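**Student:** Predicted model follows, preceded by the sequence.
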Amino acid sequence: MPSPKTISIISILFVVSLTMATGAATMDGDHASDGVSLESTSKYATADNELELDLKQLNDEAVTRADDAFSITVTDDAVERVWIDHDVPGLTFYRGDQPTATVSESSPLEPAAGDTASIGVAVDTHVAQPGTETFTVTVEYADNETESGQSAGGSGGSGSSTAASIEPSSFNVSPTTVSAGETVTATATYRNVGDAAESMTTSLTVDGTVVDQRTITIAPGETGTVSFERPMEWTGAYDIGIQGAGSASVTVEGPPVEVVDATVVDPDITVGESTTIEATVSNPTNERVTRTLELAIDGIVVDTRAVSVPANENRTVSFERQFDESGTYETAVSGETAGPVTVERAAFSIRDRELSPETAAALAPPATAGLLFLAIAANRRWAFL
């Protein structure tokens, strides 16, 4: 039997309210000879004695993705499967730039010696909580020995070994071929392998866009099932998944009604302002059709509109969306990319006033000091929100 292996550890510090998340993956001194290693492959990760993830601009109520953030390389023929364990709601690891291709115990990497897998990271701040969290790279060998590292905190401390308390045990989508307007059902079953009742929020995705969510609570040693029903209105092939459980391809057949264009009318706004996202639907058939358009912000559906399009005509639908936090947001309408919206903080404006020379001279020092104080206070507030 192979001797036990030392596996790398990864820890992430979530500070959602600070619009930043950082993490570090510590490695044992002889990790290079143990069959698995981690390397930085993007601007989000740096490698020295440890691999550190730095995910900037974690927007509130949004999904932030870092595709191809780091890589896992296997150098031992005895390695059969590799996956990432964690019990952090809102955190997903996936293959390369495919957010629905999750890396978990139910959907592991199965590499050969010499293979390198690129790993992306997504953080959903709808459910992610501030604080220090951990995740662990787990490796299964040919003799079914499974080794995983001890948990590590973001501050560099270590503790007892950890594993996800809730694990997916089955996933199914049915049917996999439907006509436009029909419904598919996606179902996932999870088991709580921990010692206490646990709650989790899981999401239904269509081509990586979150279209629905459910929260379930599972007693220790028990299983829980979550089921989503999804009307499929637009023809084409779609990847339907439940985050952390799996995904399957669904084909929708029917008339070629589609979104032919989507755009952001004003892509540059300030905090508190609204912009308009427009989408045009084309109906090349000889019958009137009705469809539902979905506006997605950063990969999550936030609004819907129904549109009725006469035969052989187009219709344009508008969404109004207000943004209360600065940042850059990606927008799409029913799978058609509309483009980014950049939200800036409002700048200070100072109006000139006509004052007598004596009054201006008397007010100049305190007015200058006051403005300087306000600017410093504002800058501090901007930095720590």
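**Tutor:** Perfect, I can see it now.

**Student:** pLDDT weak spots in this structure?
**Tutor:** 1-34, 45-62, 127-135, 143-164, 346-385 (pLDDT under 70).

**Student:** roughly how far apart are S37 and R65?
**Tutor:** As judged by CB to CB, to the nearest Å, S37 and R65 stand 24 Å apart. Where C-beta positions appear, they are placed from N, C-alpha and C, glycine not excepted.

**Student:** cool, E39 as well?
**Tutor:** 20 Å.

**Student:** can you check T176 too?
**Tutor:** 27 Å.

**Student:** neighbour-wise, which of those two wins?
**Tutor:** R65 (19 against 12; other CB atoms under 10 Å).

**Student:** Now the nearest residue to the more buried one once chain neighbours are set aside: which helix or strand?
**Tutor:** Excluding the flanking residues, the one nearest R65 by CB to CB, 6 or more residues apart in numbering is A122, at 4.7 Å. Using DSSP states H and E, A122 sits within strand 116-124.

**Student:** name the helices or strands packed onto that strand?
**Tutor:** strand 50-56, strand 63-74, strand 91-95, strand 98-102 (3 or more CB pairs under 8 Å, 6 or more residues apart in numbering; DSSP states H and E).

**Student:** What strands line up against the last one, and which way round?
**Tutor:** Going back to what we said before, that points to strand 98-102. Strands that pair with strand 98-102, judged by DSSP bridges, come out as strand 91-95 (antiparallel).

**Student:** quick one: Y238 is in a strand?
**Tutor:** Yes. Counting by DSSP: H, G, I helix; E, B strand; the rest coil, Y238 is located in a strand.

**Student:** Give me the neighbour count for it.
**Tutor:** Using other CB under 10 Å: Y238 sits among 21 other residues.

**Student:** Leaving out chain neighbours, which residue sits closest to it?
**Tutor:** Excluding its sequence neighbours, the residue lying closest to Y238 (CB to CB, 6+ apart) is V250, at 5.1 Å.

**Student:** mind listing what the helix or strand hosting that neighbour pairs with, with the direction of each?
**Tutor:** Here V250 is covered by strand 246-253, with elements defined by DSSP H and E. Strand 246-253 has its sheet partners listed here by DSSP bridges as strand 177-179 (parallel), strand 236-242 (antiparallel).

**Student:** looking at this, V88 is in a strand?
**Tutor:** No. Counting by three-state DSSP, V88 falls outside a strand, being coil.

**Student:** Let me know how buried it is, in neighbour terms.
**Tutor:** 17.

**Student:** Dihedrals phi and psi, it?
**Tutor:** phi -100, psi 110 (degrees, to the nearest 10).

**Student:** check contacts around the residue nearest to Q243 when sequence neighbours are not counted.
**Tutor:** Leaving aside its sequence neighbours, Q243 sits nearest to S203 (CB to CB, 6+ apart; 4.6 Å). Counting by CB atoms under 8 Å, 6 or more residues apart in numbering, S203 makes contact with D124, V210, D212, Q213, I242, Q243.

**Student:** In terms of distance to L295, which of those ranks first?
**Tutor:** Distance to L295 across the contacts of S203 (CB to CB) is lowest for V210, with 12.5 Å.

**Student:** Just grab the bridge partners of the closest one for me.
**Tutor:** T205, I300.

**Student:** What of A188?
**Tutor:** Applying DSSP bridges, one finds that A188 bridges with F171, V226.

**Student:** State the number of residues packed around it.
**Tutor:** For A188, using other CB under 10 Å, the count is 26.

**Student:** Surely it and T205 touch.
**Tutor:** No. A188 lies out of contact with T205 (CB atoms under 8 Å); the separation is 11.8 Å.
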